[in-house]
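A.B. asks: please find the sequence and the predicted model below.
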Amino acid sequence: MFYSCINLEALTLPNKMISLKSAKNMFDSCSNLKSINLSFLENNNNFEDAYRMFSNCSNLEEIEFPNVYIEEMVDLSEMFFGCINIKRIELQKFQAHYIYYMNRMFYDCKNLKYLDITGFSLRGVIEYDDIFKKVRKHLDIEYIAFNIEENIQNQIKEII
């Protein structure tokens, strides 16, 4: 939708995008995007694909998701891949109960200081390679341990 819009710095979309099913590559390579209002996702239970949604948004610094309840989220792979300046990601209101793919979700988010994934249930994740690869050590991360596969917990322990 906005793939590689390098001049895009801020964006607010209408709240009535209820039928949005996929945000695949939606803001991929919008390298000057600094802020975005995600209220268009509020109460959108059709949303299931966020593959590379913010990938390579190198100037994005902070993101907070609105209240989103999703029974089945297919793909979150590389969602924040290469967001090198992002410092804070708040996903506690983003409630996803079945997530299948999370490969390299936070890859190269080297300035990430705070991450809240308490809304995620990560018990049935199929692929989760390098979720936190190239993420800074001592990340302040909030999660609910019983909602997370043991192998993903081990990846978290390496960075906190």
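C.D. replies: Thanks, I have it.

A.B. asks: show me where this protein has strands.
C.D. replies: Per DSSP state E, the chain carries strands over the ranges 10-12, 35-37, 62-64, 68-75, 88-90, 94-101, 114-116, 140-142.

A.B. asks: tabulate those (CSV), appending mean pLDDT and distance to A50.
C.D. replies: C-beta here means a position set from N, CA and C on the backbone, and glycine is covered the same way. CSV is the format used below for the strands of the chain (pLDDT from 0 to 100; distance: least, CB to CB, whole Å):
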stretch, mean pLDDT, distance to A50
strand 10-12, 85, 16
strand 35-37, 86, 13
strand 62-64, 81, 12
strand 68-75, 82, 7
strand 88-90, 90, 12
strand 94-101, 84, 9
strand 114-116, 92, 16
strand 140-142, 88, 19
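
A.B. asks: of the ones you listed, which is nearest F54?
C.D. replies: strand 62-64 (7.2 Å; CB to CB).

A.B. asks: for that closest one, which strands pair with it and how are they oriented?
C.D. replies: Sheet pairing of strand 62-64 (DSSP bridges) gives strand 88-90 (parallel).

A.B. asks: and the contacts of the strand it pairs with?
C.D. replies: 61-65, 80, 106, 109, 112-116 (CB atoms under 8 Å, 6 or more residues apart in numbering).

A.B. asks: again with stretch 12-31
C.D. replies: 1-6, 8, 33, 36-37, 39-44, 46-59, 75.

A.B. asks: buried subset of those, written for PyMOL?
C.D. replies: To isolate the buried ones among the contacts of stretch 12-31 in PyMOL, judged by 16 or more other CB atoms under 10 Å, type:
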select buried, resi 5+8+33+36+40+41+44+47+48+49+50+51+52+53+54+55+56+57+58+75
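
A.B. asks: can you pull the pLDDT of the residue nearest the centre of the chain?
C.D. replies: With distances taken as CA atoms, centre = their mean, M79 lies nearest the centre of the chain, 5.0 Å away. Looking at M79, its pLDDT reads 96.
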